[in-house]
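Colleague: I would like to see how this sequence folds:
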Amino acid sequence: MQFFQTLTSFILTTAYIGAAHALAVPDNNALALELESRSNAAATCTLWTLIPNTANLRASCDTVDHKPHLTEIPISNCVANRNGGLACQKNGGAGGSCVFYDIKFGSDFFAISAHCKDDKGEIVTTVNFDMNQCFSNENGNL
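Modeller: This is a model prediction of the structure:
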């Protein structure tokens, strides 16, 4: 009888630890989908516009209840100038050393072109930089 009580206790403990471990291990596919949805602004935003004489973007982005919301954000909030090239970076500050032009967008892409100064002060042109990885739609706001 003692053997069966010990075995039952062992099985229940093992099942409990296994269940706890399963809850603690993140689902990499779910995590990847969440990250993709957070950075894929082109899927839920449209009417992208570069505001004249600024380094600001404006777009109409869907809210969680699928209503359009007009939103505006400085490009510098999400993009950096790295020696004349563009890169996604929080508070990157690219607006201070780049002139942005020529936006292209669709349901699965959003690209922008820019002239940026490199470390030597020379102008480097970047054409069709993928901005879709830099911006996300958070309930209608970029």
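Colleague: Please enumerate the strands of this protein.
Modeller: 45-50, 56-62, 68-74, 79-82, 85-88, 98-105, 110-117, 123-130 (DSSP state E).
Colleague: Ok, which of these comes nearest residue 142?
Modeller: Of all these, strand 68-74 sits nearest to residue 142, with 4.2 Å by C-beta to C-beta. Glycine gets a C-beta too; all of them are placed from N, C-alpha and C.
Colleague: Which positions in the closest one come out as buried?
Modeller: 71, 74 (16 or more other C-beta atoms under 10 Å).
Colleague: That strand pairs with which strands?
Modeller: Sheet pairing of strand 68-74 (DSSP bridges) gives strand 56-62 (antiparallel).
Colleague: quick one: contacts of the partner strand?
Modeller: 41, 44-51, 68-75, 95, 103, 135, 137, 140-142 (C-beta atoms under 8 Å, 6 or more residues apart in numbering).
Colleague: What of stretch 67-74?
Modeller: Stretch 67-74 is contacted by residues 45, 51, 54-63, 95, 135, 139-142 when judged by C-beta under 8 Å, 6+ apart.
Colleague: Mark which of the residues you listed are buried, thanks.
Modeller: 45, 55, 56, 57, 58, 59, 61, 62, 95, 135, 140, 142.
Colleague: Got the confidence number for the second one?
Modeller: Per-residue confidence at residue 55 stands at 93 (pLDDT).
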